[in-house]
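Undergrad: A predicted structure for the sequence below; I have some questions about it.
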Protein chains: 2
Amino acid sequence: MDTVRTVDALRTRISKWRGTGATVGLVPTMGGLHDGHLSLIRAAKGQTDLTVATLFVNPAQFALDEDLNAYPRDEARDLELFVAEGTDLLFAPDVEEMYPVGHTTEVHVQGLSQILEGEFRPRFFLGVATVVSKLLLQVLPDAAFFGEKDYQQLLVIRRLACDLNIPVEIVGAPTKREANGLAMSSRNQYLNERERRAAPTLYATINQVAESVRDGADADKRCRWAVSRLTEAGFRQVDYVACRDAETLEPVEDSSRPARVLAAAWLGKARLIDNVAV
Amino acid sequence: MDTVRTVDALRTRISKWRGTGATVGLVPTMGGLHDGHLSLIRAAKGQTDLTVATLFVNPAQFALDEDLNAYPRDEARDLELFVAEGTDLLFAPDVEEMYPVGHTTEVHVQGLSQILEGEFRPRFFLGVATVVSKLLLQVLPDAAFFGEKDYQQLLVIRRLACDLNIPVEIVGAPTKREANGLAMSSRNQYLNERERRAAPTLYATINQVAESVRDGADADKRCRWAVSRLTEAGFRQVDYVACRDAETLEPVEDSSRPARVLAAAWLGKARLIDNVAV
């Protein structure tokens, strides 16, 4: 696996591949790799000829009071995992390569970016939409792979790729979980032992909400129940538990359409998010 | 010349050309063609193998109180002119093709979009940046051609193409003028005979400002003089006359850097803009 640090070097490699007729898959990551990321590499390898991964902790998607500095960084370990999975090319730019002096353009996905995660992290999707647009246009892959764990992010990225006419297929891959159900996340590293025991309650709870909604229960009532259950389990703050239209994330109006239960809650220093289909 | 109305049809044609190794030039227009547009077609034909023009009056760049409905539309005439100039392919989508239901993504170029034109037309560059991003990504040309008459727009487009890593060269072409100096513009059609006689004063005045600044005069003082001269000549409102850094459009601080004099003023129903190098 080659590692390149500049857009120019990246494009030179890719255009050489393109010359041979190869298709290209893109797996953007912020490092802190776990099996969720590696499943995306496997998905890319299954669908396209050559897999480009990126490793960039994007400052633009962190608010000033968030965990940019604490975010897990171990490039040597990440590189080994990328290599072991058969990644063909790694793009690992520094901040100046991605945001040179004078960079002022932002990609806004109105609506979808302002609800749920967007209410609690007002500039988060602005940062995500901008950096993902850039990565997609730097690589111009045939397909790009994102985890369903960040479900709202996946919808934001689908939206911007469609709206901006970026010629790429956005592929969502199922959430990878620990044996106890906890969704894999780089931020799980922030949990202490006691918190690790409480963490799986998030998945168990939203699963119960989804099941009972599927059986006809009142969604709002069940989401309120979920908040109190999480609080009892030791979550210090529940940002939201919501049952929404699976495509628009608007409140469910037509019960025949697919729905999704989504939640975000704090356990110690870690803000955990998860979601399941109804 | 083929005319296509959908992004799919556009991409099918272009990928056929690409298969032969041809390079592609893009000339976006809103119709109402004049020699300024045609000079862009000629520039594209001189630099790339195949020239794609677009014809789309973009509602997103008009404010509610602006001239969207009055904007000159004569597709039959425009088509003849495109053909006569040797355009290879015309993309003329309708509004639903460009902004299907659910379209919510916007491209913001912070800073540059908020000054000068941006002060008087607050959502103008948002509309321009979004539609030009879309056109660039629909066509993925090697080069795209824009007139220097819309100088700030040219800078906004250069900025977004660079920031979003769109792999395209943005080419600026000199402003085309009538014999009397008036910059060609589709909106000149709004002028009555009396206004047509007054209109060239705009170019004459900013030229005088540029000349005297070049000779060491105080730029602010000369811009104030220009406002009063335009008012005397019959312009009913002068939005601005400004001497700015030619790259950033910030106030000039370093007189050794290239500068530009830019102006916008109303003559009857027409808002005229123009600019010259110092």
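TA: Perfect, I can see it now. Numbers count the residues shown, from 1 in each chain, chains lettered A, B, ... in the order given.

Undergrad: export the top helix by length along chain A as PDB, just CAs?
TA: Longest among the helix segments of chain A by residue count, using DSSP state H, is helix A:124-139. Taking C-alpha atoms only, helix A:124-139 is exported to PDB below (Å, rounded to 0.1, in the frame of the first residue of the first chain):
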ATOM      1  CA  PHE A 124     -20.900  19.400  12.400                       C
ATOM      2  CA  PHE A 125     -22.600  18.500   9.100                       C
ATOM      3  CA  LEU A 126     -21.200  21.700   7.500                       C
ATOM      4  CA  GLY A 127     -17.700  20.300   8.300                       C
ATOM      5  CA  VAL A 128     -18.700  16.800   7.200                       C
ATOM      6  CA  ALA A 129     -20.400  17.900   3.900                       C
ATOM      7  CA  THR A 130     -17.500  20.100   3.000                       C
ATOM      8  CA  VAL A 131     -14.700  17.600   3.600                       C
ATOM      9  CA  VAL A 132     -16.600  14.700   2.000                       C
ATOM     10  CA  SER A 133     -17.300  16.800  -1.100                       C
ATOM     11  CA  LYS A 134     -13.600  17.600  -1.300                       C
ATOM     12  CA  LEU A 135     -12.600  13.900  -0.800                       C
ATOM     13  CA  LEU A 136     -15.100  12.800  -3.400                       C
ATOM     14  CA  LEU A 137     -13.800  15.300  -5.900                       C
ATOM     15  CA  GLN A 138     -10.200  14.600  -5.100                       C
ATOM     16  CA  VAL A 139     -10.600  10.900  -5.800                       C
END
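
Undergrad: hmm, it in reach of chain B?
TA: Yes: judged by C-beta under 8 Å from any C-beta of the partner chain, helix A:124-139 and chain B are in contact via A:Ala129, A:Ser133, A:Lys134, A:Leu137, A:Gln138. In this view, the C-beta of every residue, glycine as well, is placed from N, C-alpha and C.

Undergrad: Determine the set of other helices and strands touching the following helix or strand past that helix.
TA: Per DSSP states H and E, the first helix or strand lying C-terminal to helix A:124-139 is strand A:143-147. Secondary-structure packing of strand A:143-147 (3 or more C-beta pairs under 8 Å, 6 or more residues apart in numbering or on different chains; DSSP states H and E): strand A:24-29, helix A:35-47, helix A:124-139, helix A:151-163, strand A:169-173.

Undergrad: and the angle from strand A:143-147 to strand A:24-29?
TA: Interaxial angle of strand A:143-147 relative to strand A:24-29 (axes from the mean of the first three to the mean of the last three C-alpha atoms, to 10 degrees): 30 degrees.

Undergrad: So in that sheet, which strands flank strand A:143-147, and in what orientation?
TA: strand A:24-29 (parallel), strand A:169-173 (parallel) (DSSP bridges).

Undergrad: And the last one, what's buried?
TA: What that stands for is strand A:169-173. Within strand A:169-173, the residues that count as buried by 16 or more other C-beta atoms under 10 Å in any protein chain shown are A:Ile170, A:Val171, A:Gly172, A:Ala173.

Undergrad: and what of stretch A:155-172?
TA: Buried-residue list, stretch A:155-172, by 16+ other C-beta under 10 Å: A:155-161, A:163-166, A:168, A:170-172.

Undergrad: Kindly list the main-chain dihedrals of A:Pro251?
TA: phi -50, psi 140 (degrees, to the nearest 10).

Undergrad: From B:Gly234, how far off is it?
TA: Going from A:Pro251 to B:Gly234 by C-beta to C-beta, to the nearest Å gives 56 Å.

Undergrad: Can you spell out which helices and strands pack onto the helix or strand containing A:Ile14?
TA: Using DSSP H and E, A:Ile14 sits in helix A:7-19. With contacts taken as 3+ C-beta pairs under 8 Å, 6+ apart, helix A:7-19 sits against strand A:2-4, strand A:24-29, strand A:50-55, strand A:89-91, helix A:124-139.

Undergrad: Buried residues in the longest one, which are they?
TA: Within helix A:124-139, the residues that count as buried by 16+ other C-beta under 10 Å are A:124-139.

Undergrad: which one of those sits closest to A:Val7?
TA: A:Gln138 (5.2 Å; C-beta to C-beta).

Undergrad: where does the closest residue to that closest one other than its chain neighbours sit relative to A:Ala22, distance-wise?
TA: Using C-beta to C-beta, 6 or more residues apart in numbering or on different chains and skipping residues adjacent in sequence, the residue nearest A:Gln138 is B:Asn165, 4.7 Å away. Separation of B:Asn165 from A:Ala22 (C-beta to C-beta) stands at 21 Å.
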